[in-house]
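K.L.:
Just the structure for this:
(chains A and B)
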Protein chains: 2
Amino acid sequence: MRLTMMTDYAMRLLMYVAQHPDRLCTIAEVARAYGISEAHLMKVTHQLGLAGWIETVRGKGGGMRLAYPPEEINVGAVVRRMEPDFQMAECFRDDSRCSLAGTCGLTGILGEAVAAFLERLDRYTLHDLLPRLPDGTLVMIPDRPPVQVSTRTASPGKA
Amino acid sequence: MRLTMMTDYAMRLLMYVAQHPDRLCTIAEVARAYGISEAHLMKVTHQLGLAGWIETVRGKGGGMRLAYPPEEINVGAVVRRMEPDFQMAECFRDDSRCSLAGTCGLTGILGEAVAAFLERLDRYTLHDLLPRLPDGTLVMIPDRPPVQVSTRTASPGKA
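P.N.:
Numbering: from 1, shown residues only, chains lettered A, B, ... in the order given. Sure, this is the predicted structure:
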C-alpha cells in the first residue's frame, strides 16, 4: 500500500513554500531543493492551485505562495485531493466483475480502514509537518538535497 | 491509495476455500468462480501456504483447505503479509534522498495513519468477510462470475 508520488511531492512543495512566507517560490527552486522533477512539480502545483491552497503569480519574478497559513491547510484534505482514488479492491470500482459484489464483507471493512487512515490525517495541518529539531525548533529546508557519499568512497581504508 | 491485486485475490481465495470446509478446493475452480488469472492465484496460494493459513495436498485429487477455522484468520494479518510494503512516501524507503528525512513530521503522521488503517482491519476475521444476505444468512459463492449484460442488449427498445 502506497500513496502516489504526486501526494508526496505535494506535501514537500507545501512545506517548502510554507517556510518562505515573505516571498514567492519557484518550481525550479523546489525541484532543486529536493532533487526531484520540475515536470511532476508543475502538475502538483496546478492541482494545489485548483484546490485553492496556493496562489501563483505568472511572469518574470513570478512564483507561488500559500493562500492560507500552514495551520489552516489540513493534511487529510491534501491527501484526499492528490490521490487519484482509494480503490482498495476490485469491488471499489464501477466496472467490478467480482461475484461477491454487494454480499461480502470486504468492501465495508476496507472502507472503514480507509476512513480510519484519513481520519488520523485530518488531525494534522501543514504546520505539524514542518521540519524541526528534536527540541521543536523549526529547521529551514536546505536549497539542495544532501550529497550522497557511498560507503566505499567514505571509507577507503576498509575492505 | 490502493492495495495490490494480490491482497484482493488472497482475500477472495480464502473466502472461497472457507466455504468448502468439507473438501479440497483447486486453483482452477477459484479462478473460474471469480473469472481471474490462475497464474496470479498460484502465487497467492504459495504465499498463503508459507504463512500457514492454507494447507495444500499435491497430485491428482489434490487441492487446498484452510489450516484454521475462518474465525482464526485475521484480516489485518493477511493484509500485512500480502502487501509488498507500506511505503507511504519516499522517506519510508531505505534509499530515500529527501532533504527532510529525520526532521519533517510527515513520516510519523503517515506511519500513524497506516497503523490506524491496520488496527481497524485487525478487528475482523475471515469469518466476518464471508458473503451474506442482508438478514445475515451466508451466501455460497457461485462457481462462475455473473454474466455481463450490456445495457444496449438488455433494452433493445430504448434509444
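
K.L.:
mind listing the helices for chain A?
P.N.:
Per DSSP state H, chain A has helices spanning A:5-18, A:27-34, A:38-50, A:75-82, A:106-121, A:126-129, A:151-154. These are given in chain order.

K.L.:
And for the residue lying closest to residue A:118 once chain neighbours are set aside, the neighbour number?
P.N.:
Beyond its immediate neighbours in the sequence, the residue positioned closest to residue A:118 (Cβ to Cβ, 6 or more residues apart in numbering or on different chains) is residue A:76, lying 5.1 Å away. (C-beta placed from N, C-alpha, C; glycine too.) Residue A:76 sits with 18 neighbouring residues when counted by other Cβ atoms under 10 Å in any protein chain shown.

K.L.:
got a list of what residue A:76 touches?
P.N.:
The contact partners of residue A:76, by Cβ atoms under 8 Å, 6 or more residues apart in numbering or on different chains, come to A:118, A:119, A:120, A:121, A:122, A:123, A:124.

K.L.:
Got the phi and psi for the residue nearest to residue A:100 when sequence neighbours are not counted?
P.N.:
In space, residue A:100 comes closest to residue B:131 once its chain neighbours are excluded; the distance is 5.1 Å by Cβ to Cβ, 6+ apart. For residue B:131, the backbone dihedrals (degrees, to the nearest 10) come out as phi -60, psi 140.

K.L.:
Would you check that residue B:131 makes contact with residue A:101?
P.N.:
No. Because the distance of 9.5 Å does not satisfy Cβ atoms under 8 Å, residue B:131 is recorded as not touching residue A:101.

K.L.:
Looking at the two, which is more packed in?
P.N.:
When residue B:131 and residue A:101 are compared for neighbours, residue B:131 comes out ahead with 20 against 15, by other Cβ under 10 Å.

K.L.:
Pull the contacting residues for the more buried one.
P.N.:
The neighbourhood of residue B:131, defined by Cβ under 8 Å, 6+ apart, consists of A:100, A:103, A:104, A:105, B:15, B:138, B:139, B:140, B:141.

K.L.:
Tell me which two of those sit farthest apart.
P.N.:
The most widely separated members of those, counting by Cβ to Cβ, are A:105 and B:140 (15.1 Å).

K.L.:
Neighbour count: those two, which is higher?
P.N.:
Applying other Cβ under 10 Å to residue A:105 and residue B:140 shows that residue A:105 carries more neighbours, namely 19 against 10.

K.L.:
I'd say the more buried one and residue B:126 touch.
P.N.:
No. Between residue A:105 and residue B:126 no contact is recorded; they are 9.5 Å apart, counting by Cβ under 8 Å.

K.L.:
what's the neighbour count on the closest residue to residue A:47 other than its chain neighbours?
P.N.:
What sits nearest to residue A:47 in space, not counting adjacent residues and going by Cβ to Cβ, 6+ apart, is residue A:82, at 6.4 Å. Other residues near residue A:82 number 20, with proximity taken as other Cβ under 10 Å.

K.L.:
again with residue A:102
P.N.:
Taking other Cβ under 10 Å as the neighbour definition, residue A:102 ends up with a count of 11.

K.L.:
for the one 10 residues further on, same thing?
P.N.:
By the other Cβ under 10 Å criterion, the neighbourhood of residue A:112 contains 15 residues.

K.L.:
How about it: what's its closest non-neighbour residue?
P.N.:
By the measure of Cβ to Cβ, 6+ apart, the closest residue to residue A:112 outside its immediate chain neighbours is residue B:120, 5.4 Å from it.

K.L.:
and the one you found, what does it touch?
P.N.:
The neighbours of residue B:120, taking Cβ under 8 Å, 6+ apart as the test, are A:109, A:112, A:113, A:116, B:76.
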